[in-house]
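# Model the following, please.
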Amino acid sequence: MRTAFNSSRSRTPSPPPTHYHHTSSPVRTESPSSSSTPRHFTFSIENLENAKLIITKWDLNASNLYSNDSLFSGNRKEARAFLRSVKDLQTMMHFLASEASKSELLIQSQNLIQIAMKRLENEFYQILSKNRNVLDPESVSNRLSRMSIVSSLEDELDESDDEEAQVTGGSVSEEVEKSTTTTENAMSDLRLIANCMTSTGYTKECVKIYKIVRKSIVDETLYELGVEKLNLSQVQKMDWDTIEVKIKSWLKAVKYSVKTLFNGERILSDNVFSSPPRIAESCFTDNCKDGALTLFIFPELISKYKKLSPEKIFRLLDMYDSIFDLWPEINTIFSQESVSVVKSQCETSLSRLRESIRSMLTEFEAAVQKDATKSPVANGGVHPLTSYVMNYLVFLSDYSGSLTEIVSDWQQSAQSPMPTTYISSLSPASDQVSSVSLRLGWIILVLFCKLDSKAELFKDASLSYLYLANNINYVVSKVKSTYLKLLLGDVWISKHEEKVKLYMANYERIGWGKVFSAMEEIKQMAGNSPDCFRGFNSAFEETYRKQVEWVVPDRKLRDAVKLSLAQKLVPAYRELYEKKRGAGAGAGDEVIIRYAPVDLGNYLSDLFFGSGVMGSTSSSSVSREGRRH
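Numbering: from 1, shown residues only. Below you'll find the predicted structure:
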């Protein structure tokens, strides 16, 4: 492109004053032959001479001071006069075309128009090229609200007369100069040139230059953003780590491309080629359509990746979210018929992503149902399946907006209907059970059913209840502390908190049943027989030895169950202990009455950490501790 035009010099000296007189009213030129010359013919000659002076002055092929200078970087009065001369030439040529006798003047006018167009072609290219840094999409996008100033300025340049030029001093008025930027000035100059060239019949030449320069900018920007043209075969050969890097790059690229790159190009083409609109549409289409298609086909290719698993759903949701959130801008920017294929591609990508996300959710649900772990969780803690499912659902809840649209018309399988009582517990803050609430609530219900079946693996019934309490409490805690709370609601939380209390009560009743029975035996015998304390010691030590290995991971739940046990055991035992001590201890009684009330509290405090070393578990050490009291 640079070879097509002469390069402008870096210097921009102020041009000398022009030596011609331009007026809107005809002035007769007295000459020997002018007495018989019609008035309109004199007007044509004057216009021709005036135009010739300024147009030849800026002739690119002339070897003068101005041939390599920029018309629009210097005195704007000069650019004003140049564009007005071209307009006057056009008017005159329309008149001369109807009079065959004036063919010589018509030829001269046409030659001047050609010289002027070459100059404007050069100016148009130079402005586009040298102002790339201020015509970048971001600058253009940020100045949309001020383009009315530019439009009014251009009207002034087209319609102003000499009187206005004197008022402005041959340049843009100070008020407008302060309110415009370099970007807007460049856009204004481009629009003036484009209007002049299109109205003169040089649309093709002007558009060609614009497309070459701007398309290279669009392509270069997309390349720098990491957007590359891929096909399905190439994607299928990639490992997931590579694809994930490309997805992260795409997520950044799509936001910038829509909000800045394509939006800026739309604004620029619409303002440079304001009339007729089809020219701006053609420029934007040729410059942006291919790049936009390359950008928006990427999610469709990823959705067809053969190794998608439930864990990869979040990257697909990220892409779905991006297009979904940007849809209003996409719909506006690519509204014309010539670029409607871009909107169609976006819709196709959304549809493909939706199908893949649904498939991955189904696969995740099936994986929960098919979990075949046969060994019970050590010490009754939280099952790995529970933490995996809940962490998965917590992340999913962050995408509730897009998930609502994805699962809105996705019917639950008829083979596994959700219980009505369970549905009634789902009462989110909105008082409406959304499709997302139902879907996530269903997966949790599947998890609960699986936990119930795994509870049967424990040989100790009390440990199975402790296990269920731990796992349901973990689920409830995750729901309460995340966005899931808004999706499932307070009623759901309350009902499952009651379940946790019920399971803990069952654990206490069964797990400490022998200890409670021994206490009752002491009461019935009124503490008169030392044997009743032997039974209590045996029951307590057996229970403690076994349960000191058990675990309650949640601190609040752990403190609650220890407090509950202490309230049931310590006060009742203290009463019996004090009664026996008050009656007087016989020989060997302090060996039989092995625990003081404070000992029980100390041993209970060691429970549910799962270490087995925080309390004394041997009979000898227990005996020594008891004798201290």
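# going on from the helix or strand where Val389 lies, what's the next piece of helix or strand?
Here Val389 sits within helix 384-397, counting by DSSP states H and E. Proceeding N to C from helix 384-397, the next assigned helix or strand is helix 400-407, under DSSP H and E.
# Show me what the mean pLDDT comes to for that following helix.
Averaged over helix 400-407, pLDDT sits at 88.
# and that helix, how far from the chain's centre?
Using C-alpha atoms, centre = their mean, to the nearest Å, the mean C-alpha position of helix 400-407 is found 15 Å from that of the whole chain.
# So what touches it?
With contact meaning C-beta atoms under 8 Å, 6 or more residues apart in numbering, helix 400-407 is reached by 317, 320-321, 324, 354, 357-358, 361, 396, 434-436, 439, 483, 487. No exception for glycine: its C-beta is placed from N, CA and C like everyone else's.
# so where's the stretch 201-350 of the chain shaky on pLDDT?
Counting by pLDDT under 70, the stretch 201-350 of the chain shows no low-confidence range.
# ok so, going back, which one of the contacts of helix 400-407 sits closest to Val140?
Taking C-beta to C-beta as the measure, Val140 lies nearest Phe324 of those, at 25.8 Å.
# Thought Leu105 was touching Ile45, still the case?
Yes: counting by C-beta atoms under 8 Å, Ile45 touches Leu105, with 7.4 Å between them.
# Quick check: Asn195 vs Tyr202, distance?
11 Å (C-beta to C-beta, to the nearest Å).
# And Ile551, how far from Leu463?
Not Ile; residue 551 is Val. Distance of Val551 to Leu463, given as C-beta to C-beta: 10 Å.
# Name the residue closest to the centre of this protein, please.
Centroid-nearest residue in the chain, with C-alpha atoms, centre = their mean: Ser322, separated by 4.6 Å.
# any idea which element it lies in?
Applying DSSP H and E, one finds Ser322 within helix 313-333.
# Show me the contact partners of that helix.
Identification of contacts with helix 313-333 by C-beta under 8 Å, 6+ apart yields 244, 247, 250-251, 254-255, 258-259, 262-263, 266, 296, 298-299, 302-303, 308, 342-343, 346, 349-350, 353-354, 356-357, 360-361, 364, 395-396, 399, 401-403, 405-406.
# before we move on, what about stretch 376-394?
Residues from elsewhere that reach stretch 376-394, judged by C-beta under 8 Å, 6+ apart: 310, 364, 368, 371, 373, 440, 443-444, 447, 450-451, 454, 457-458, 463-464, 466-467, 470-471, 474-475, 478, 482-484, 549-551, 553, 610.
# Could you pull up the mean pLDDT of that stretch?
On average, stretch 376-394 scores 94.
# can you give me phi and psi for Phe609?
With angles defined as degrees, to the nearest 10, Phe609 sits at phi -100, psi -20.
# which helices and strands sit right next to the longest helix along the chain?
The longest helix of the chain (DSSP state H) is helix 340-370. If contacts are counted by 3 or more C-beta pairs under 8 Å, 6 or more residues apart in numbering; DSSP states H and E, helix 340-370 sits against helix 277-303, helix 313-333, helix 384-397, helix 400-407, helix 435-455.
# one step back: please indicate which of the contacts of stretch 376-394 are buried?
Buried members of the contacts of stretch 376-394, scored by 16 or more other C-beta atoms under 10 Å, are 310, 364, 368, 371, 440, 443-444, 447, 450-451, 454, 458, 463-464, 466-467, 470-471, 474-475, 478, 482-484, 549-551, 553, 610.
# how is this structure carved up into domains?
For the chain, automatic domain parsing gives the domain ranges 2-205, 213-367, 377-502, 512-627.
# if we can go back for a sec, deepest in the core, which of the helices and strands packed on helix 340-370 is it.
Among these, helix 277-303 has the highest mean neighbour count (mean count of other C-beta atoms under 10 Å), at a mean of 21.
# counting contacts, what elements does that helix pack onto?
Using 3+ C-beta pairs under 8 Å, 6+ apart, the elements in contact with helix 277-303 are helix 203-224, helix 232-236, helix 240-256, helix 263-272, helix 313-333, helix 340-370.
# The helix holding Ser322 to helix 240-256, inter-axis angle?
Between helix 313-333 and helix 240-256, the angle comes out at 30 degrees (axes from the mean of the first three to the mean of the last three C-alpha atoms, to 10 degrees).
# I'd like the distance from helix 313-333 to the chain centre, please.
In terms of C-alpha atoms, centre = their mean, the centre of helix 313-333 is set 7 Å apart from its chain centre.
# Alpha carbons of it, in PDB - could you do that?
Written as PDB, here are the backbone C-alpha positions of helix 313-333 (Å, rounded to 0.1, in the frame of the first residue of the first chain):
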ATOM      1  CA  ILE A 313     -18.000 -28.800  33.100                       C
ATOM      2  CA  PHE A 314     -16.900 -25.600  34.700                       C
ATOM      3  CA  ARG A 315     -14.800 -24.500  31.700                       C
ATOM      4  CA  LEU A 316     -17.700 -25.100  29.400                       C
ATOM      5  CA  LEU A 317     -19.900 -23.100  31.800                       C
ATOM      6  CA  ASP A 318     -17.300 -20.200  31.700                       C
ATOM      7  CA  MET A 319     -17.600 -20.100  27.900                       C
ATOM      8  CA  TYR A 320     -21.400 -20.300  28.000                       C
ATOM      9  CA  ASP A 321     -21.500 -17.500  30.600                       C
ATOM     10  CA  SER A 322     -19.300 -15.300  28.400                       C
ATOM     11  CA  ILE A 323     -21.400 -15.600  25.300                       C
ATOM     12  CA  PHE A 324     -24.600 -15.400  27.300                       C
ATOM     13  CA  ASP A 325     -23.500 -12.200  29.100                       C
ATOM     14  CA  LEU A 326     -22.200 -10.600  25.900                       C
ATOM     15  CA  TRP A 327     -25.300 -11.500  23.900                       C
ATOM     16  CA  PRO A 328     -26.900  -8.000  24.000                       C
ATOM     17  CA  GLU A 329     -23.700  -6.500  22.500                       C
ATOM     18  CA  ILE A 330     -23.300  -9.300  20.000                       C
ATOM     19  CA  ASN A 331     -26.900  -8.800  18.900                       C
ATOM     20  CA  THR A 332     -26.400  -5.100  18.400                       C
ATOM     21  CA  ILE A 333     -22.900  -5.200  16.700                       C
END
